[in-house]
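Q: here's my sequence, what's the structure:
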Amino acid sequence: MKSILLIGLGAMLGANARYWLGVWAARHLGVAFPYATFFVNVTGSLALGFLVSLASQRVPVTPEVRLLIGVGFLGSYTTFSSFAVESLVLAHNSGNWHALLNIFANNLVGLACAAAGMYLARTIA
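A: Sure, this is the predicted structure:
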């Protein structure tokens, strides 16, 4: 029961963080490109890369923290299903170039941020 509550709390916070980032991005950057999903994917990759590396190499992270942050918050915050649908919509509405840009930018920058998170975790201890 404790695990379910931790995941639920993290998911609630992650979903709300994602929603408010989407509202902010739409207001400040517009909706012609899925900026919010891009920011969510790369910051989520950075955070998960950091957490995984920190937990496995530097600082013991309890199972409860992993459930709260890794499964709950980040599982709810990062949304590759939105990424997939938005890429298809971009291809349909704006052409394949915009869709390919979205696909490659999210994947390449996400991987780079995960590596950066791991590097940061290794350097702080």
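Q: centre-most residue in the protein?
A: The chain has G44 as the residue nearest its centroid, 2.6 Å off, counting by Cα atoms, centre = their mean.
Q: for the closest residue to it other than its chain neighbours, phi and psi?
A: Distances taken as Cβ to Cβ, 6 or more residues apart in numbering put T78 closest to G44, at 3.4 Å, once the chain neighbours are dropped. In this view, the C-beta of every residue, glycine as well, is placed from N, C-alpha and C. The phi/psi pair for T78 (degrees, to the nearest 10) reads phi -90, psi 140.
Q: how many other residues sit next to T78?
A: 22 (other Cβ atoms under 10 Å).
Q: alpha carbons of whichever strand or helix holds L74, as PDB, please.
A: Taking DSSP states H and E as the criterion, L74 maps to helix 74-77. The C-alpha trace of helix 74-77 is given here as PDB (Å, rounded to 0.1, in the frame of the first residue of the first chain):
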ATOM      1  CA  LEU A  74       9.200  11.100 -13.800                       C
ATOM      2  CA  GLY A  75       6.900   8.300 -15.100                       C
ATOM      3  CA  SER A  76       4.100  10.800 -15.100                       C
ATOM      4  CA  TYR A  77       6.100  13.900 -16.100                       C
END
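Q: average pLDDT for it?
A: Averaged across helix 74-77, pLDDT comes to 92.
Q: ok, stretch 89-105 next?
A: The pLDDT scores in stretch 89-105 average 95.
Q: stretch 4-13 too?
A: In this model, stretch 4-13 has a mean pLDDT of 98.
Q: now stretch 23-34
A: On average, stretch 23-34 scores 95.
Q: just the terminal-to-terminal distance for that stretch.
A: With Cα to Cα, to the nearest Å as the measure, the ends of stretch 23-34 fall 12 Å from one another.
Q: who's in contact with stretch 65-85?
A: If you take Cβ atoms under 8 Å, 6 or more residues apart in numbering as the criterion, stretch 65-85 is touched by 3, 6-15, 17-18, 34, 37, 40-41, 44-45, 47-48, 51-52, 55, 102, 106.
Q: now with 6 Å, please.
A: The contact list for stretch 65-85, computed with Cβ atoms under 6 Å, 6 or more residues apart in numbering, reads 3, 6-7, 10-11, 13-15, 17-18, 37, 40-41, 44, 47-48, 51, 106.
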